[in-house]
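**Q** Let's see this in three dimensions:
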Amino acid sequence: MAQVAHLHANFILNCGGATANEILQLIYHVQEQVEKQWSLLLKPEVKVMGDFSQVLT
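**A** Prediction:
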């Protein structure tokens, strides 16, 4: 399971067993919600490495 940290909303926590795909999906979900509600586009500060093409579909 992955979640957004309660104290620092810009931190994504792996609470045990979350895959890299699940983490990236959560990041995209948060980006979408922030853009929808506040018209702000968040940019991740991390570099995503690997094949995550399935997340984008």
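**Q** Distance check, V34 against V4.
**A** According to Cβ to Cβ, to the nearest Å, V34 and V4 sit 11 Å apart. Yep, even glycine has a C-beta here, placed from its N, CA and C like the rest.
**Q** Packing partners of the helix or strand containing N21?
**A** According to DSSP states H and E, N21 maps onto helix 20-38. The contact analysis (3 or more Cβ pairs under 8 Å, 6 or more residues apart in numbering; DSSP states H and E) places helix 20-38 against strand 2-4, strand 12-14.
**Q** And those: which comes nearest S39?
**A** Proximity to S39 (Cβ to Cβ) singles out strand 2-4 among the helices and strands packed on helix 20-38, at 19.7 Å.
**Q** The closest one pairs with which strands, parallel or anti?
**A** strand 12-14 (antiparallel) (DSSP bridges).
**Q** and the strand it pairs with, which residues are buried?
**A** Within strand 12-14, the residues that count as buried by 16 or more other Cβ atoms under 10 Å are I12.
**Q** ok so, going back, can you give the distance from the helix holding N21 to the centre of its chain?
**A** Helix 20-38 has its C-alpha centroid displaced from the chain centroid by 5 Å (Cα atoms, centre = their mean, to the nearest Å).
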